[in-house]
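K.L.:
curious how this folds, go ahead:
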Amino acid sequence: MENRVKAWTELVLLRLAAIATDLAIVAVAYLTAFLLRMNFLAPQWGWKAVGSCFATVAAVHLAMLMLFGAYNRSWRQMRLTQVPRYLLAALSTIAVLVALRYWMESMDYAYLRPPYTVAGMTAIFASAGMIAVRFAWKHYWLERQRESGLLERTERRFDNSPAARFLLGKCVMVTGAGGSIGSEIVRQVAFAGAAKVILVERGENALYEIDRKMAALCANVEFVPVMADCGDEDKMSAIFEEYAPRVVLHAAAYKHVPMVEKNPEAGYLNNTQATITLAGLAAQHGVERFVMISTDKAVNPVSVMGKTKQAAERALMNFNREGGTSFAAVRFGNVLGSSGSVVPLFKEQIAKGGPVTVTHPDMQRYFMTVDEAVSLVLQAASRSERAIYTLDMGRPVKIVDLAESMIRQAGYLPYVDIPIVFTGIRPGEKLFEELDISEKSCYKTDMVKIYITK
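P.N.:
This is a model prediction of the structure:
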C-alpha cells in the first residue's frame with residue numbers, strides 16, 4: 001500500500017513538472033512570436049496586455065494538450081506515432097484563439113485575444129519545442145538504460161591481462177558455448193588470444209549463432225563447433241583425443257530452480273554427472289586447468305539445482321587430490337540478462353503492459369553483470385589455486401526493487417502504469433541466498449573482491 005501511495009504521488013508530481021515545462025515552452029514561443037510580429041519593438045498597447053494575452057494562450061494550449069492525451073504517457077515513451085496528437089493540439093489551439101479574436105472584435109477584449117499571427121506562430125513554435133524536448137528526454141533515458149544500472153553497487157572492473165597471458169595461443173574448450181554466459185566466455189577467450197576454441201553446445205541454433213558471430217569477429221582464431229552433450233562420455237572422449245584442449249571452461253548446466261525441482265533426475269545428470277564425466281576425461285587427457293561455473297545456490301542448498309551444483313563442486317575438489325589437472329569452481333549470483341533470469345522475464349511482462357510477477361515482497365538475490373561473471377571465470381582460469389572462488393557482489397537486491405527499477409527505466413510508473421503481483425515462493429526457492437565471504441568462511445586473494453572458499 002505504501003509503495004502504491006508513493007507511486008501515485010510520483011505520478012502527480014511528474015505530471016505537474018511536465019505541465020510546468022510546457023508552460024515555459026509556450027511562454028518562450030509566445031514571446032518569440034510577439035517579438036517577430038512587432039519587429040522586436042515594444043507593443044503599442046504595452047507589455048501588460050501582452051502578459052494578459054499569454055494567460056489565454058497558455059490556458060487554451062494546455063487544455064488542448066490534455067484533450068488530445070499529451071499527458072497520458074511518460075516522455076520516455078515518446079514515439080513518432082504520438083507526434084500527430086501534438087500537431088492536432090496546435091491546430092485546435094489556433095482555431096480556438098482565432099475564434100476568440102473573431103467573436104471579441106472590440107478593443108475592450110484586447111487583453112483576452114492575441115493577434116492572429118501571434119496565435120499561429122505561438123502554437124507552431126510551442127508544439128515544435130514540446131516534441132523536441134520529449135524526444136531529447138527519451139534519448140537521454142535510453143543512453144542511461146543499462147542493465148548494470150540495476151545493481152545497487154558499482155560494477156566490478158577486473159584486470160584481465162593475467163588471463164590473456166595464460167590463454168595466449170592455447171586450445172580452449174567451452175561447454176554451453178551458445179548460452180548467454182557461455183557465448184560471452186567464448187568471445188572474451190577469443191579476444192584474449194586463444195589459438196583455438198572448441199564450442200561444445202547441444203542446441204543446434206545456439207551453436208550456429210555463436211559460431212557464425214565469432215567467425216565474423218575473430219578471423220585469426222579457429223572455432224570448432226561441436227554439437228554434443230558434454231555428458232556423452234564417448235563423444236567427449238573423442239573430442240579430447242582429437243583436439244587436446246589445455247583449458248576447459250565448463251558453463252553448461254541447468255539453472256532454472258523450479259524446472260530442476262520438477263525434473264531432479266535430469267538436473268543430476270546434467271549438472272553433476274556430466275561434470276564428473278567431463279572432469280574425469282580432462283584429468284585423463286592432461287588438461288592444464290578446468291573451471292566450472294557454479295552458483296551461490298550451492299551454499300547450504302535447499303533446492304535440487306543447488307544440491308546438484310554443490311555435488312559437482314565436491315567432485316571437482318576430490319579430483320584435485322589426484323594431482324595433475326588443476327580443478328576450480330566459480331560461484332555466481334544471478335547474472336543480469338542471462339537466459340532464465342528475472343530480467344528477460346520482467347522485460348517481456350513490461351512490454352505487454354504487465355503485470356510484473358514477483359514471488360514474494362521480501363525475496364532478494366545477489367546479482368552480477370555478464371562482464372563481471374566472465375571476468376571472474378577468466379581470473380579463476382589464470383590462477384593456480386585448486387579451489388572455489390566467490391565474488392563479493394555487495395548487498396543483495398530485493399526482487400521487487402529490481403522490478404520497480406526496470407518499470408521506471410521503461411518509462412512507466414510501478415503500481416500505476418504497470419501493476420506488480422506477488423505469486424508466492426516456488427518449490428526449491430529461498431527468500432535469500434547465503435553468500436558468506438567473512439574470514440570464517442573465506443580467504444582473501446590478492447585480487448580485490450575475489451575470495452576463496454575455505
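K.L.:
going forward, measure contacts between C-alpha atoms and count neighbours the same way
P.N.:
Fine.
K.L.:
what's the helix or strand for residue 223?
P.N.:
Per DSSP states H and E, residue 223 falls inside strand 222-226.
K.L.:
mind listing what's buried along that strand?
P.N.:
Residues of strand 222-226 classed as buried: 222-223, 225-226 (neighbour count, 16 or more other CA atoms under 10 Å).
K.L.:
what about residue 404, how many neighbours?
P.N.:
Residues near residue 404, counting by other CA atoms under 10 Å, number 22.
K.L.:
my read: it touches residue 416, true?
P.N.:
No. Using CA atoms under 8 Å, residue 404 is not in contact with residue 416, being 11.0 Å away.
K.L.:
quick one: the lowest-mean-pLDDT helix or strand in the chain to chain centroid distance?
P.N.:
Every helix and strand in the chain was compared by mean pLDDT, DSSP states H and E; the lowest is strand 442-444, with a mean of 77. How far strand 442-444 lies from its chain's middle: 30 Å, per CA atoms, centre = their mean, to the nearest Å.
K.L.:
ok so, going back, and the strand holding residue 223, what does it pack against?
P.N.:
When contacts are defined as 3 or more CA pairs under 8 Å, 6 or more residues apart in numbering; DSSP states H and E, strand 222-226 packs onto strand 196-200, helix 204-217.
K.L.:
and the longest one, what does it pack onto?
P.N.:
Using 3+ CA pairs under 8 Å, 6+ apart as the contact criterion, the elements in contact with helix 204-217 are strand 196-200, strand 222-226.
K.L.:
how about stretch 377-394: buried residues?
P.N.:
So, applying 16+ other CA under 10 Å, buried residues of stretch 377-394: 377-382, 386-393.
K.L.:
which member of those is positioned nearest residue 420?
P.N.:
Set against residue 420, the nearest of the buried residues of stretch 377-394 by CA to CA is residue 393 (26.1 Å).
K.L.:
show me what the helix ranked longest in the chain is packed up against.
P.N.:
Counting residues, the longest helix found in the chain (DSSP state H) is helix 2-37. Under the contact definition 3+ CA pairs under 8 Å, 6+ apart, helix 2-37 sits against helix 47-67, helix 116-144.
K.L.:
any chance of CSV for those helices, columns distance to residue 411 and mean pLDDT?
P.N.:
CSV is the format used below for the helices and strands packed on helix 2-37 (distance: least, CA to CA, whole Å; pLDDT from 0 to 100):
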stretch, distance to residue 411, mean pLDDT
helix 47-67, 19, 82
helix 116-144, 8, 86
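K.L.:
in TSV: the ones you listed, plus distance to residue 88 and mean neighbour count.
P.N.:
Below are the helices and strands packed on helix 2-37 laid out as TSV (distance: least, CA to CA, whole Å; neighbours: other CA atoms under 10 Å):
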stretch	distance to residue 88	mean neighbour count
helix 47-67	8	18
helix 116-144	10	18
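K.L.:
got those as CSV, with distance to residue 181 columns?
P.N.:
Converted to CSV, the helices and strands packed on helix 2-37 look like this (distance: least, CA to CA, whole Å):
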stretch, distance to residue 181
helix 47-67, 47
helix 116-144, 23
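K.L.:
which stretch among those helices comes nearest residue 297?
P.N.:
With CA to CA as the measure, helix 116-144 is the member of these nearest residue 297 (31.0 Å).
K.L.:
next one: the closest one to chain centre, how far?
P.N.:
Using CA atoms, centre = their mean, the offset of helix 116-144 from its chain centre is 29 Å.
K.L.:
quick check: end-to-end length of stretch 74-85?
P.N.:
With CA to CA, to the nearest Å as the measure, stretch 74-85 spans 14 Å from end to end.
K.L.:
would you mark the buried spots in that stretch?
P.N.:
Going by neighbour count (16+ other CA under 10 Å), the buried part of stretch 74-85 is 74-76, 78, 85.
K.L.:
just those residues: which are in strands?
P.N.:
Judged by DSSP state E, strands contain none of the buried residues of stretch 74-85.
K.L.:
to residue 286, which of the helices and strands packed on helix 2-37 lies closest?
P.N.:
Among these, helix 116-144 sits nearest to residue 286 (CA to CA), with 46.8 Å.
K.L.:
which helices and strands sit right next to the closest one?
P.N.:
The contact analysis (3+ CA pairs under 8 Å, 6+ apart) places helix 116-144 against helix 2-37, helix 83-103.
K.L.:
state the pLDDT value of the residue lying closest to residue 158 once chain neighbours are set aside.
P.N.:
Nearest residue to residue 158, sequence neighbours excluded (CA to CA, 6 or more residues apart in numbering): residue 375, at 6.6 Å. Residue 375 carries a pLDDT value of 82.
K.L.:
okay, now residue 208: neighbour count?
P.N.:
Residue 208 is flanked by 15 other residues according to other CA under 10 Å.
K.L.:
who are the contact partners of it?
P.N.:
residue 225 (CA atoms under 8 Å, 6 or more residues apart in numbering).
K.L.:
any idea how far it lies from residue 179?
P.N.:
Taking CA to CA, one finds residue 208 at 12 Å from residue 179.
K.L.:
swap in residue 172?
P.N.:
17 Å.
K.L.:
between these two, who's got more neighbours?
P.N.:
Legend: neighbour count by other CA under 10 Å for residue 172 and residue 179, higher for residue 172 (26 against 20).
K.L.:
can you classify that one by secondary structure?
P.N.:
strand (DSSP: H, G, I helix; E, B strand; the rest coil).
K.L.:
for residue 198, see how far away it is.
P.N.:
From residue 172 to residue 198 the distance is 6 Å (CA to CA).
K.L.:
element containing residue 330, please.
P.N.:
strand 326-332.
K.L.:
next structured bit after that strand?
P.N.:
strand 334-335.
K.L.:
can you list contacts of that next one?
P.N.:
Strand 334-335 has contacts (CA under 8 Å, 6+ apart) with 341, 365-370, 373.
K.L.:
rerun that using 6 Å as the cut-off
P.N.:
Strand 334-335 is touched from outside by 367-370, with contacts defined as CA atoms under 6 Å, 6 or more residues apart in numbering.
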